[in-house]
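Participant: pasting the sequence and the predicted model now:
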Amino acid sequence: MLYEIFLAFIQAATEFFPISSSGHLALAEIIFKNKPDMLFFVVLHLASLLAVAIFTRKEIIKLISFDREYRKMWVYLIIATIPAAIFGYFLESKIESSFSSLLFLGLAFMFTGIILLSTKFSSVFSEISWKHSVFIGLFQVLALFPGVSRSGMTISSGLFSGLKREEAVKFSFLLSIPVIFGAFLLELIKTPINLSQTTSWTIPFLVCVIFSLLFLNFLYYIVKRGNLWIFSFYCFLIGISTLILALI
């Protein structure tokens, strides 16, 4: 139970903080040579999805009700999602092979760190448009690979393209919903849920939801203050550590 709660905490932190959840999962698999229970991660993905839905509930209600202010947001979200869907289909084999390379993981973590550090110099603020969506969508393609953070790429590219900080982080969170839901469905198809088997995971599920909400709020606060770049130091640290492991 304690180990599962620990994994739930790690899932909550790495899913939304710009430090790559897939990179940490791949790193754990390589180091410990132990593939985790994918059914358990299906449950944790569901917890992450619930957390982000709660956090963006006002925006989701506006989207569902086709609020005049949010009608164009549907188009922007679709535009930003298309590139990752297309490239994910054609690059599936290369993406899967990158999960087993410590060298690739180390370089990917370092790349994420560089992108995050670069946001320290972004300063233009404007409303979202389809051009922002295309730019953010192309950056999200990079996050298909482990070690490259999805939230890091989408928020950073939003800031690079001149979005207001609040809009960049909100758009990133909304964009994460189809991504997390898609990952949840894929894992669910591969590993169908047995309800009797998952009853013992209630506490880890709740832990993941609660900490995800805390981390989402904290990240929102960090971005609003223009300090997304501070996460780059962690990415550099884990990137250098991973590269050292690759050379041993």
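Facilitator: Nice, thanks for sending it over. Numbers count the residues shown, from 1 in each chain.
Participant: and whichever helix or strand residue 174 is part of, what other elements does it pack with?
Facilitator: Element membership for residue 174, per DSSP states H and E: helix 165-190. Applying 3 or more CB pairs under 8 Å, 6 or more residues apart in numbering; DSSP states H and E, one finds that helix 165-190 makes contact with helix 38-55, helix 57-64, helix 71-90, helix 130-142, helix 150-160, helix 202-224. C-betas here are computed from N, CA, C, even on glycine.
Participant: give the closest residue to residue 213 in space, chain neighbours not counted.
Facilitator: Spatial nearest neighbour of residue 213, excluding adjacent residues (CB to CB, 6 or more residues apart in numbering): residue 51 at 5.1 Å.
Participant: what's the burial count for that neighbour?
Facilitator: Residue 51 is flanked by 24 other residues according to other CB atoms under 10 Å.
Participant: if I look at it, how far off is residue 42?
Facilitator: Here the criterion is CB to CB, to the nearest Å. By it, residue 51 lies 15 Å from residue 42.
Participant: kindly report the same for residue 29.
Facilitator: Distance of residue 29 to residue 42, given as CB to CB: 16 Å.
Participant: the two: who's more crowded?
Facilitator: A count of neighbours by other CB under 10 Å puts residue 42 above the other of residue 29 and residue 42, at 22 against 15.
Participant: pull the helix or strand with minimum mean pLDDT from the protein.
Facilitator: Of all the helices and strands that make up the chain, helix 195-198 has the lowest average by mean pLDDT, DSSP states H and E, namely a mean of 59.
Participant: ok so, going back, quick check: angle from the helix holding residue 174 to helix 71-90?
Facilitator: 50 degrees (axes from the mean of the first three to the mean of the last three CA atoms, to 10 degrees).
Participant: what residues of helix 165-190 count as buried?
Facilitator: Using 16 or more other CB atoms under 10 Å as the test for burial, helix 165-190 gives 165, 167-177, 179-181, 183-184, 187-188.
Participant: equivalent analysis for stretch 91-108, please.
Facilitator: Within stretch 91-108, the residues that qualify as buried are 98, 99, 101, 102, 104, 105, 106, 107, 108, counting by 16+ other CB under 10 Å.
Participant: residue ranges with poor pLDDT in this structure?
Facilitator: For the chain, residues meeting the criterion pLDDT under 70 lie at 34-38, 191-199.
Participant: give me the phi and psi angles of residue 143.
Facilitator: Backbone torsions for residue 143, taken as degrees, to the nearest 10, come to phi -80, psi 0.
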